[in-house]
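Novice: Predicted model follows, preceded by the sequence.
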Amino acid sequence: MYSLMKRILFSLLFMLGFHVGFGQSYYYQYQNYGYKDQNGSNKFLNQEQDDAGIGEGWKIVLDSAKTDRYSKSIKIPFAFSFAGVPVSHIKVSSTGFVTFDTTVSGTPSSQAENLPSTKLPDKTVSVWGINGKGSNDQVLTKAFGFSPFFQFWVKFSSYSTPGDTTGSWNYWAIVLEALTNKMYVVSMNSNNATGKFVAPKMFAGVQENQATGINFAPISNTLPSTNSFKDNKYYEIYFGNQLSRDLAMISLTGPDFVKANENAEIHYQYFNFSKDTVDSLYYCYRMNGGPVTKSKSTLKLKPSGIGEVVNVTFVKCTAPVGSNNLLEVWVQEPNGQEDQNHANDTLKMNILSVGGTWAKSKLLVESNTAAWCGECPAADLKLAAFKTKFNDSLILVKYHTLDNMSGNGDSLVNQFFEKTNSSSLNREIDKLGNLKPLVTQNITDSIISKKLLAAKSPVNVFLSNVKIDTLTGDFTFKVKVKFVDYCPANINVGGIAIENAVRGVGTGWDQVLAGSLSSNINSPFYAKANPLKSYYHDDVAWNLTGGIMGKKIAHNGVYKPGDSLEVSFAYKYPKILQTTIVSTSPYSPVGKIYSYGKPRDMKAVGYVSIENGNEMSYKILNANEQQTWDFAASVKKQITSKLTVYPNPTEGVFYAEVENGNYQINLFSVSGAKLMDENATAHFGVLKIDAANLNRGLYFVQIIAKSGLKFNSKIVVK
């Protein structure tokens, strides 16, 4: 099996420096996903939610205002030095920087540019270019830790980008650390009200004086997008002597499990932290303490250069079934000399040896869509065609963004998808452990077939007790996981509440149609009016009931064949059988329809995911789905506890929600007398029953399917 599910962090991507005298310099590292360091220790003392405020002990030093300004002088709560010189106070600018020059006054510049800049004061660390003129924007401070281990956080809360009219916001922090005199610039959280990424137009860096400063390499457009500290990205800023020979192994990826005595495919990256160019080095690895494999690289690495082992490296997993293989990978001998810092040379990972018994795998296809996405109708058709072809081997889930079907999946969407009309296949990651969404239109039958063929999972997933209480809206289900082979313990179990055939009227329901689709004679949407009124939205994800990564399961050791676990999930639908009036639509029926909260169209999805070495990223091992009403199940039983009939009470005509098909309808009085015995056909999942000739009172309804399956309910005639 090759599933890149293990990512060793410490992905430090950039480091530069400038000299300020006596050979010392400011230089930095950029860490992608990094509240932990290379050894797995917590890097930051602040482990609160990113939007924590005065209720959690933060102090406001700058509130929202329409004009740019400096804060008052703020005392640093511990001894600290900037560029080797002791400092005791700071001032904060509403335009995104902290300065140790507390003599500054006037209006700070918002016209951000490369550092060094004459527009900035001396002794400054910056995320220059963001502004705090929004009504919720604040600069907050808080000290964390205990003596002598302190960090002082200056947080730019809910800040935006100058000139941005799309409603984006960002959380950034500048952090001072006691004892080490290190500083950090932390990207904490970001979002955009249109669902489209808008990169902050900002310049992060350190400026010693107006002639000397460094700019940090820009953070990529995959900014942190959850309210958790665990996905924070940061620049770590040092002052000191940068070494002449310092190589580091910065990432290592490979499978979590491999059949015993077979090869595991691994990939790794190394980085030049030296101030000099490295013309040659050796990268080495060994498995289970065995012989060292050593290879020479002549790839020229400039300072801040990254080297990647492009050729696939295979290592044989020799540990017995059920045991871990310890893989060690390191770099050495830059330019043929001793490395001056061995602390960052080596990365390790465990790969579990398994027996090679695989469960039947299903592919979870998660998509980002929206009613305002003009290209998404074509993506819907393509996904529906995949579902028809691959049937129950494929599970479709669609997360809506900023429309009336947006559930609680925004954090997942922001993390996994850069834009709408994109899809993730089992939350796939690339060779270096980065998330890998695909443009939906670029997915082919061949890609899906290959994914299904290559899938090797040691777990089966089943759903049971899928129920909807039609009075309270309580939707509950259980996900059972059965292990057919050994499996690592770092798994999560997740659940998703889904509904098909969701319709509504107006903006947020009607589907925008791109001109490229309506004007294309070969398109199914040719000559269709824009928008597509009262469009059918399928596979709508209302709720990730276990959170975006699922529920973390505590377990000691590895799972063994025959082990099992069961996790319960619950979601409360705010409304059941919500109605609306459709006056015109290219889709039938029109008139009064049931918009959403329809029990017959609900289903639950359950999945097992495994940590990629990054607590904010889990790859799907296996998944399954179950409709609330399951007529196709071999057990031929009703999953819901009751038959849904409406309106109830009724003045005569009422409806029962069933699958399309032929049924026998029986109606009984409270004394048991049969008052109706008819055959009828259900259309659009609704069976019409006419009881207009009955007197007022309580009656029992029995509906019998062609298979003999019986459903019972009560109806009140008024």
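Specialist: Ah, there it is. Numbers count the residues shown, from 1 in each chain.

Novice: Low-confidence ranges, the stretch 151-300 of the chain, go.
Specialist: For the stretch 151-300 of the chain, applying pLDDT under 70 flags the ranges 161-168, 191-201, 217-223, 225.

Novice: My error: substitute the stretch 551-700 of the chain in the last question.
Specialist: In the stretch 551-700 of the chain, residues with pLDDT under 70: 612-617, 629-642, 684-685.

Novice: now the strands: where do they sit in it?
Specialist: 551-552, 564-572, 578-582, 591-596, 602-614, 617-627, 645-646, 653-657, 661-668, 674-682, 686-690, 697-705 (DSSP state E, counting those that start in this stretch).

Novice: Among these, show me which one is buried the most.
Specialist: Comparing the strands of the stretch 551-700 of the chain by mean neighbour count (mean count of other Cβ atoms under 10 Å), strand 602-614 ranks first with a mean of 25. For glycine as for every other residue, the C-beta is placed from the backbone atoms N, C-alpha and C.

Novice: Tell me the neighbouring strands of that strand, and mark each as parallel or antiparallel.
Specialist: strand 491-499 (antiparallel), strand 617-627 (antiparallel) (DSSP bridges).

Novice: out of those strands, nearest to F150?
Specialist: strand 617-627 (30.8 Å; Cβ to Cβ).

Novice: Go ahead and flag the most central residue of this structure.
Specialist: L412 (2.9 Å; Cα atoms, centre = their mean).

Novice: Let's verify that residue: helix, strand, or coil?
Specialist: Of the three states, L412 takes helix according to DSSP: H, G, I helix; E, B strand; the rest coil.

Novice: in this protein, which spans are helices?
Specialist: Applying DSSP state H to the chain gives helices spanning 376-390, 410-416, 445-454, 515-518.

Novice: mean confidence for the shortest one?
Specialist: Mean per-residue pLDDT for helix 515-518: 93.

Novice: What residues of it count as buried?
Specialist: Using 16 or more other Cβ atoms under 10 Å as the test for burial, helix 515-518 gives L517, S518.

Novice: For that helix, output the C-alpha coordinates as CSV.
Specialist: C-alpha atoms of helix 515-518 as CSV (Å, rounded to 0.1, in the frame of the first residue of the first chain):
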residue,chain,number,x,y,z
GLY,A,515,-22.5,31.9,-19.4
SER,A,516,-20.0,29.4,-20.6
LEU,A,517,-22.5,26.6,-19.8
SER,A,518,-25.7,28.3,-21.0
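
Novice: tell me how far that helix is from the chain's mean position?
Specialist: 31 Å (Cα atoms, centre = their mean, to the nearest Å).

Novice: what do you get for the first one?
Specialist: Using Cα atoms, centre = their mean, the distance from the centre of helix 376-390 to the centre of the chain it belongs to is 23 Å.

Novice: Show me what that helix is packed up against.
Specialist: strand 363-369, strand 394-400, helix 445-454 (3 or more Cβ pairs under 8 Å, 6 or more residues apart in numbering; DSSP states H and E).

Novice: quick one: average confidence on it?
Specialist: Across helix 376-390, the average pLDDT comes to 92.

Novice: So for that helix, what gets flagged as buried?
Specialist: Residues of helix 376-390 classed as buried: C376, P377, A378, A379, D380, K382, L383, F386, K387, F390 (neighbour count, 16+ other Cβ under 10 Å).

Novice: Among these, which one lies nearest to N404?
Specialist: C376 (14.6 Å).

Novice: Would you confirm that that closest one contacts A370?
Specialist: Yes - if you go by Cβ atoms under 8 Å, C376 and A370 touch, sitting 6.6 Å apart.

Novice: Give the residues shared as contacts by the two.
Specialist: In terms of Cβ atoms under 8 Å, 6 or more residues apart in numbering, C376 and A370 are both contacted by the residues T420.

Novice: Can you give me every residue that contacts V484?
Specialist: T357, W358, A359, P458, V459, N460, P561.

Novice: ok, of those, which come out buried?
Specialist: W358, A359, P458, V459, N460, P561.

Novice: Columns distance to K598 on top of those residues, output as a markdown table?
Specialist: A markdown table is the format used below for the buried ones among the contacts of V484 (distance: Cβ to Cβ, whole Å):
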| residue | distance to K598 |
| --- | --- |
| W358 | 37 |
| A359 | 32 |
| P458 | 36 |
| V459 | 31 |
| N460 | 30 |
| P561 | 40 |
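
Novice: Let me know the closest of these to A692.
Specialist: N460 (50.1 Å).

Novice: Please enumerate the strands of the stretch 401-550 of the chain.
Specialist: With DSSP E, counting those that start in this stretch as the criterion, the stretch 401-550 of the chain has strands spanning 422-425, 438-439, 459-468, 474-483, 491-499, 540-544.

Novice: follow-up on the earlier one: please convert the buried residues of helix 376-390 to a markdown table, extending it with distance to K316.
Specialist: As requested, the buried residues of helix 376-390 are exported to a markdown table (distance: Cβ to Cβ, whole Å):
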| residue | distance to K316 |
| --- | --- |
| C376 | 46 |
| P377 | 49 |
| A378 | 46 |
| A379 | 42 |
| D380 | 45 |
| K382 | 41 |
| L383 | 40 |
| F386 | 37 |
| K387 | 39 |
| F390 | 34 |
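
Novice: ok, these vs S157, which is closest?
Specialist: C376 (33.2 Å).

Novice: returning to what we had before: and the helices of the chain: which comes nearest V315?
Specialist: Between those, helix 445-454 lies closest to V315; by Cβ to Cβ that is 19.3 Å.

Novice: mind listing what's buried in that closest one?
Specialist: Under the neighbour-count criterion of 16+ other Cβ under 10 Å, helix 445-454 has I448, K451, L452 buried.

Novice: ditto for stretch 131-148
Specialist: Residues of stretch 131-148 classed as buried: N131, G132, K133, D137, Q138, V139, L140, T141, K142, A143, F144, G145 (neighbour count, 16+ other Cβ under 10 Å).

Novice: pLDDT score for the fourth one?
Specialist: If I follow you right, that is D137. pLDDT for D137: 88.

Novice: ok, it to T444 distance?
Specialist: Separation of D137 from T444 (Cβ to Cβ, to the nearest Å) stands at 45 Å.

Novice: how about the helices and strands packed on helix 376-390, which one is nearest N261?
Specialist: Of these, nearest to N261 by Cβ to Cβ is helix 445-454, at 19.7 Å.
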